[in-house]
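Colleague: give me coordinates for this.
(chains A and B)
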Amino acid sequence: MKSLSIFPELVWKDKFPGRLDKIITAVEEYKTLPGVHKNNNIGNGALQTYDTNYYPHEWPVLEEFNKWFAPNLEIVWKNWGLSLLPEQELGFTSWCNEHSKGQYTGEHTHPNDIMTVVFYPRKSDNSANLQVFDPLMQVNTSGKFWRDIPATSGDVVIIPGWMLHKVAANESDEVRLSITVNIKLVTKENF
Amino acid sequence: MDDEIKENIGSWEVPAVFPEPLWRGHYPGDLTALQEKTLEFLNNSEKLNTALEGGRGASSSSEHEMPHMWRESADFYAWLAKPMEEIWTEWGFPKMPPRRISKSWANFHPPGAWTKEHTHNRTDQVAVLYLQAPMDCGHLQIMNPLFYHWENSPRGPRCSWVDVPIETGDVVIFPGWMLHRSGVNKSELDRMTINTNIVAHEFPIDFGEAHR
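Modeller: Predicted coordinates:
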């Protein structure tokens, strides 16, 4: 007997093969830039940083990552059977998260975003994993609704924007750094 | 994971985070005697029902006599026990209470017939044996159980009804809650299936015996 994957796969994981040190520096410096918002109201002081005029995915240091990621994104896009109308294009937003020891992110979804991408410039093994909630919980009789997506530095995880997820508390002494990119459909300007 | 999917994921891993609900295998035994017995049974039954059948389809689901009781099906059920147990475990279902066959029946679809969409309410596990499945007899079709979740995304071809190709001897196992149906039999031959419901069943105790 073999399981049949007839529906879109929900969770995807790959590893960015490029250098991480310069990206780590960029994440750490981002919060010091003028115009960058700092939100530490999530998960015991976990820090979220963003600037709508200068998103992390627009950083020059992520150019190599973006080149690597584009064809990989297409694979997931195709598996999900997604398509764009002539007037549509993809819109990207992104931010950084820092989780020191004991910090976490509570459960949430990314409404209106098709795809959520999490890239870990720095993450200890087996700590502060992304956790996803069983979207078929109504028929899940095991009682185990949350599942870990184990990852380490350099890993990239994609989930659908509708998928309920959270980040477990960081139990390591190393600060966990992640960059999240949300992808949504937007109407082209001047269409 | 499906071989076709595996070939198209590049360097991505697709972790099996949640149990896979849908499984397909192939019964390696000879089905001739079971095919003949089923046809004879269906031809002589006075209790065939058509509630879920389209075209001139018929089902023995109201019959007291059930295919799992037949001598001709013994080898098939002996073979089926192992994969059903393995998948039961894969789904994270407990060993107790014990698993039981709650019901089995045969479906018959002449050309132009089909089974309408339905679930197997309060059934833990379903096995369908494609006893006679000529080419173009209509695939099994499963509704993506995450249909509503995907509704805020551009609608993809695998987000609603998805075909599961089948052929004679194939066995498909899925949970009873999964909405499914069959495609229309577009062949010139009849299509027959044997369907089996499995439930985890507590031993019943009558109220009269409760104080003993």
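
Colleague: put the alpha carbons of stretch B:104-117 into PDB.
Modeller: Presented in PDB, the C-alpha positions along stretch B:104-117 are these (Å, rounded to 0.1, in the frame of the first residue of the first chain):
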ATOM      1  CA  SER B 104     -19.600  -4.900   3.700                       C
ATOM      2  CA  TRP B 105     -21.500  -4.800   0.400                       C
ATOM      3  CA  ALA B 106     -21.100  -4.900  -3.400                       C
ATOM      4  CA  ASN B 107     -21.800  -2.100  -5.800                       C
ATOM      5  CA  PHE B 108     -22.700  -2.600  -9.500                       C
ATOM      6  CA  HIS B 109     -22.400   0.000 -12.200                       C
ATOM      7  CA  PRO B 110     -23.400  -0.900 -15.700                       C
ATOM      8  CA  PRO B 111     -22.300   1.500 -18.500                       C
ATOM      9  CA  GLY B 112     -23.600   5.100 -17.700                       C
ATOM     10  CA  ALA B 113     -23.900   4.400 -13.900                       C
ATOM     11  CA  TRP B 114     -22.100   6.000 -11.000                       C
ATOM     12  CA  THR B 115     -22.200   6.400  -7.200                       C
ATOM     13  CA  LYS B 116     -23.200   9.800  -5.900                       C
ATOM     14  CA  GLU B 117     -21.100  11.800  -3.400                       C
END
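
Colleague: quick one: the strands in chain B?
Modeller: For chain B, the strands defined by DSSP state E cover B:23-26, B:53-54, B:58-59, B:99-109, B:114-115, B:125-132, B:140-143, B:161-164, B:170-174, B:180-182, B:191-200.

Colleague: please produce a markdown table containing those, extended by mean pLDDT and distance to chain A.
Modeller: Quick note: C-beta positions are derived from backbone N, CA and C, even for glycine. Below are the strands of chain B laid out as a markdown table (pLDDT from 0 to 100; distance: least, C-beta to the nearest C-beta, whole Å):
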| stretch | mean pLDDT | distance to chain A |
| --- | --- | --- |
| strand B:23-26 | 97 | 4 |
| strand B:53-54 | 96 | 23 |
| strand B:58-59 | 96 | 24 |
| strand B:99-109 | 96 | 13 |
| strand B:114-115 | 97 | 18 |
| strand B:125-132 | 98 | 10 |
| strand B:140-143 | 97 | 7 |
| strand B:161-164 | 96 | 5 |
| strand B:170-174 | 98 | 7 |
| strand B:180-182 | 98 | 11 |
| strand B:191-200 | 96 | 9 |
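
Colleague: closest point of chain B to chain A, which residue?
Modeller: Closest approach between chain B and chain A, counting by C-beta to the nearest C-beta: residue B:156, at 2.3 Å.

Colleague: could you count how many residues lie near that residue?
Modeller: Residue B:156 is flanked by 18 other residues according to other C-beta atoms under 10 Å in any protein chain shown.
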